[in-house]
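A.B. asks: Pasting the sequence and the predicted model now:
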Amino acid sequence: MYTWRPGGRAAPYDGGMDATVRRTAGAIAFLVGGLQYVTLEAVAAAAWTDPRYDYLSNYISDLGVARAQVYQGRTVDSPLAWVMNTGFVLEGLLFAFGAVALSVLFGTAARRLVVTFALLHCVGIVLVGLFDETADAGPTHLAGAFLAIVFGNLTALAVGVATLVGRTRGRAVLPLWFAVASVGLPVLGFASEGVLLAGLADVRFDGLFERGGVYSVTVWQLLFGVAVLVGLRQSARSTDQSGPGKTSASWPSSKATR
């Protein structure tokens with residue numbers, strides 16, 4: 001298997017772990033991280049019955065507050081706060097693992113950006129899970145939320161730009177549709193958070209606009225996992241068709257990713 005170095009030169013990847021295994025593990029980490037996050041969020045929300053949790057008005061972080069109270073004008077009381085907080089922490093760890101594993105798809109500069117942004121997202125969302133919004137360490141929670149949202153979206157944007165630049169240089173490592181989504185989703189996410197922070201929307205929809213900047217990351221990581229697994233499958237088929245003992249020089253081929 002090969003990876004790409006700046007300048008378009010194909011070179012063997014020597015990372016200690018088989019490249020296919022590494023990419024598969026990274027893709028699965030992104031998929032599991034995103035799916036468990038929305039699943040545990042739904043479980044925690046369903047347990048909140050008095051009053052019922054409202055996806056439109058309640059913040060995601062409200063689900064991580066175990067003590068019944070009124071916070072910033074909202075009644076918060078999450079019976080399964082530990083479930084949501086577990087989802088936060090798992091998302092951060094799986095996101096970081098997936099980004100590090102799949103960073104080999106990019107050149108050195110892009111790889112460093114992707115890994116750095118992903119690790120900052122990880123730190124942020126783990127802090128969100130460890131410190132709820134109403135705790136004495138509330139500022140720590142807010143700082144974590146900032147890191148998670150900003151750098152989660154920047155991870156997606158960095159991958160999208162790197163993929164588009166690579167395609168212009170004849171290195172179609174990932175499909176065009178994914179590159180476009182990787183740019184478009186964080187733009188929408190930042191716009192949604194901007195509406196929330198600027199107070200441009202009715203407070204009854206605060207939860208909706210907060211989710212715009214969070215789900216943009218979740219949807220992106222799911223798409224990343226799918227794109228990589230599909231590419232690996234196409235590459236395996238190409239190798240099988242080329243005959244015994246023959247392998248493709250790059251993964252996946254430009255033809256397969258258009």
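C.D. replies: Arrived safely.

A.B. asks: per-residue confidence for residue 107?
C.D. replies: Per-residue confidence for residue 107 comes out at a pLDDT of 89.

A.B. asks: I meant to write residue 242 there.
C.D. replies: The predicted structure scores residue 242 at 60 on the pLDDT scale.

A.B. asks: quick one: the helices in the stretch 101-250 of the chain?
C.D. replies: With DSSP state H, counting those that start in this stretch applied, the stretch 101-250 of the chain shows helices at 108-130, 138-168, 176-197, 206-242, listed in chain order.

A.B. asks: Which of those comes out lowest on mean pLDDT?
C.D. replies: Of all the helices of the stretch 101-250 of the chain, helix 206-242 has the smallest average pLDDT, which comes to a mean of 89.

A.B. asks: Give the other helices and strands that that helix contacts.
C.D. replies: Using 3 or more C-beta pairs under 8 Å, 6 or more residues apart in numbering; DSSP states H and E as the contact criterion, the secondary-structure elements in contact with helix 206-242 are helix 19-46, helix 81-102, helix 138-168, helix 176-197, helix 254-257. Using the backbone N, CA and C atoms, a C-beta is placed for each residue, glycine as well.

A.B. asks: So what touches stretch 61-68?
C.D. replies: The contact list for stretch 61-68, computed with C-beta atoms under 8 Å, 6 or more residues apart in numbering, reads 41, 44-45, 48, 53, 71, 74-82, 84-85, 88, 128-129, 132-134, 141, 145.

A.B. asks: Would you mind checking these for buried ones?
C.D. replies: Using 16 or more other C-beta atoms under 10 Å as the burial test, the contacts of stretch 61-68 include 41, 44-45, 48, 53, 71, 74, 76-78, 80-81, 84-85, 88, 128-129, 132-134, 141, 145 as buried.
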